[in-house]
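# no FASTA, just this:
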């Protein structure tokens, strides 16, 4: 008897319907076609054991399974459940009356327990798009899948529950989540707050400007100055995720298997901080079994690279195109996929190998030329994509011992949100541009033209500090954001002055 069961394959961050055709006939052989990988082929042994432990016998007949479309490789153990149900239905041990209305995904344990799988959210979205009545998934994935409305999502723990459901012996209860309530419930909950940061007012101001305009930022300072501490608090001042951004971010983390069993929707902007020993593939994504990298996992959030010069030169260079295009296209012999990469890059570094160049109290012990050599580990094209470069000095004792709380993240966030709203109106008719950091030369000429006094100040700074040509556009972008924070329609001379102060590394004499 020929039956069809429906599952899905994940490609990039989207899903594709996989039709599993099972035919039982006279004979004793077992065939599986349709480009299954080793993990899919091994499902035969898992299915046999799972059925035996639940009182069912694997059919002693010739079984032919085709996984269509047959030209796309099927990977992983998530097909165990639909394959098992298809085999039983083809052998007339399970009713096939409702099979076509449901999509099934799940890995089988040897005792019939159903284990969690990756990529359930994009699969649920595809099931709704294709008009399926329901989706049957492992219990550990049900919160994630139930975010999708207008789809009955059932979480099951054992294959017997699924068999009994299709045979009409039990009714499964769909899991229902109020997506909007879930989304807004934890949006304002942050463990870290800028109220805990003593001193460093100029650095906090630079971080506020970066958050308001979506600018990439690098902090340069000695050990213990607070670079990492402040970087970890940046998500608390970024604008809250929209529901669409939350779904998109959750899809990426779902495909990467980063979602917990109790998590249904990511409600806060991601903060990713990979170690400097990371490989280029782990950073941008790809691999034998394609997975999103750290850049994509930081989509709609922050990618923090601590001790930037310690990262491999090759690893840093692969970031140039994603930072510019806000997406990553990975092309290999067997596949080509695209991952989103709309992130805010925040980096930190010591000013020199010993860490104390330009320190107000401690003397730098690096040999001549070491500071410049250390800085040159970061290429000019990558530095070109970092709008704000800010120096940090240690906090004096008077500030550290001050018990009064500093300005809270909530207060800073209010100003950032207002500035982003101004930008949203400004770029509403321009596709692909959402914040000032994304402006090209044409948009700079239209929206970031300084007045005559501002132009003169910029000219003096370019000559005095011997600023590079690439600094010109960056200064105008940052000045536009500073003006937005102040509610100013035009860029004024004080906005230009502040933006110039954020280009420390571009100054010719910075490294001695």
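It's in. Just so it is clear, the structure is predicted and the values come from calculations on it, not from any experiment.
# and this structure, what are its domains?
With domains defined by automatic domain parsing, the chain comprises 2-177, 194-428, 439-512.
# so can I have a markdown table of those domains showing mean pLDDT?
Shown next, in a markdown table, are the domains of the chain (pLDDT from 0 to 100):
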| stretch | mean pLDDT |
| --- | --- |
| domain 2-177 | 93 |
| domain 194-428 | 88 |
| domain 439-512 | 86 |
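# between the ones you listed, which gets nearest to residue 185?
Set against residue 185 and scored by Cβ to Cβ, those come closest in domain 194-428, at 7.3 Å. The C-beta positions use only the backbone N, C-alpha and C, and glycine is treated the same way.
# any idea how far that closest one is from the chain center?
13 Å (Cα atoms, centre = their mean, to the nearest Å).
# and the residue most central in space within the chain, how far is that from residue 75?
Nearest to the mean C-alpha position of the chain, counting by Cα atoms, centre = their mean, stands residue 297 at 2.4 Å. Applying Cβ to Cβ, to the nearest Å, the value for residue 297 to residue 75 is 20 Å.
# for residue 437, same thing?
In terms of Cβ to Cβ, residue 437 sits 37 Å off from residue 75.
# looking at those two, which has the bigger crowd around it?
residue 437 (23 against 18; other Cβ atoms under 10 Å).
# contacts only, for the more buried one.
With contact taken as Cβ atoms under 8 Å, 6 or more residues apart in numbering, residue 437 is in contact with 213, 214, 215, 216, 387, 477, 481.
# what's around the third one, how many residues?
Same thing as residue 215. So residue 215, with other Cβ under 10 Å, has 25 neighbours.
# quick check: it touching residue 389?
No: using Cβ atoms under 8 Å, residue 215 is not in contact with residue 389, being 10.5 Å away.
# now residue 93: which helix or strand?
Secondary structure assignment for residue 93, by DSSP states H and E: no helix or strand.
# again with residue 121
With DSSP H and E as criterion, residue 121 is part of helix 120-129.
# any idea how far that helix is from the chain center?
19 Å.
# same check, this time on stretch 453-473
Per Cα atoms, centre = their mean, the centroid offset for stretch 453-473 relative to its chain is 36 Å.
# next: stretch 3-21.
24 Å.
# repeat that for stretch 449-469.
Worked out by Cα atoms, centre = their mean, stretch 449-469 lies 37 Å from the chain centre.
# list the contacts of it.
471-472, 475-476, 479, 490-493, 495-497, 500, 503, 506-509.
# counting neighbours, which of those residues end up buried?
471, 475-476, 479, 491-493, 495-497, 500, 503, 506-507 (16 or more other Cβ atoms under 10 Å).
# which one of these is nearest residue 3?
residue 476 (64.0 Å).
# specify the local secondary structure of the closest one.
At residue 476 the chain is in helix, as set by DSSP: H, G, I helix; E, B strand; the rest coil.
# looks like it contacts residue 499 (just checking).
Yes: contact status for residue 476 versus residue 499: in contact at 7.5 Å, counting by Cβ under 8 Å.
# any common contacting residues for the two?
With Cβ under 8 Å, 6+ apart, residue 476 and residue 499 have no common neighbours.
# could you find the closest non-adjacent residue to residue 470?
Nearest non-adjacent residue to residue 470, counting by Cβ to Cβ, 6 or more residues apart in numbering: residue 384, 4.7 Å away.
# how close does the one you found sit to residue 471?
9 Å.
# and whichever strand in the chain runs longest, which strands flank it?
Scanning the chain for the strand with the most residues, using DSSP state E, yields strand 14-25. Using DSSP bridges, the strands paired with strand 14-25 are strand 2-11 (antiparallel), strand 62-68 (antiparallel).
# which residues touch the shortest one?
I take that to be strand 62-68. Against strand 62-68 from outside (Cβ under 8 Å, 6+ apart): 18-36, 40, 74, 79, 83, 86-87, 90.
# let's see 6 Å
18-25, 27, 29-34, 74 (Cβ atoms under 6 Å, 6 or more residues apart in numbering).
# after it, next one along is what?
Per DSSP H and E, the helix or strand that comes after strand 62-68 is helix 80-90.
# residue ranges for the helices of the stretch 301-450 of the chain, please.
313-317, 320-325, 370-375, 380-383, 397-400, 409-426, 441-447 (DSSP state H, counting those that start in this stretch).
# I'd like these laid out as JSON lines, including mean neighbour count and distance to residue 175.
Below are the helices of the stretch 301-450 of the chain laid out as JSON lines (neighbours: other Cβ atoms under 10 Å; distance: least, Cβ to Cβ, whole Å):
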{"stretch": "helix 313-317", "mean neighbour count": "15", "distance to residue 175": "41"}
{"stretch": "helix 320-325", "mean neighbour count": "16", "distance to residue 175": "36"}
{"stretch": "helix 370-375", "mean neighbour count": "17", "distance to residue 175": "54"}
{"stretch": "helix 380-383", "mean neighbour count": "15", "distance to residue 175": "45"}
{"stretch": "helix 397-400", "mean neighbour count": "10", "distance to residue 175": "49"}
{"stretch": "helix 409-426", "mean neighbour count": "17", "distance to residue 175": "33"}
{"stretch": "helix 441-447", "mean neighbour count": "13", "distance to residue 175": "45"}
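# save these as TSV, and put in distance to residue 124 too.
Below are those laid out as TSV (distance: least, Cβ to Cβ, whole Å):
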stretch	distance to residue 124
helix 313-317	34
helix 320-325	27
helix 370-375	48
helix 380-383	38
helix 397-400	50
helix 409-426	29
helix 441-447	38
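# right, and those helices - which one's nearest residue 264?
Going by Cβ to Cβ, the one of the helices of the stretch 301-450 of the chain nearest residue 264 is helix 409-426, 24.0 Å.
# and that closest one, what other elements does it pack with?
helix 201-213, helix 469-485 (3 or more Cβ pairs under 6 Å, 6 or more residues apart in numbering; DSSP states H and E).
# identify the residues contacting the shortest one?
What that stands for is helix 201-213. Contacts for helix 201-213 (Cβ under 6 Å, 6+ apart): 217, 237-238, 388, 390, 392, 412, 416, 419, 435-437, 481-482, 485, 502.
# relative to helix 409-426, how tilted is it?
Put simply, helix 201-213 runs at 40 degrees to helix 409-426, going by axes from the mean of the first three to the mean of the last three Cα atoms, to 10 degrees.
# pull out the buried positions in helix 201-213.
203, 204, 205, 206, 207, 208, 209, 210, 211, 212, 213.
# following the helix holding residue 121, which helix or strand comes up?
strand 134-138.
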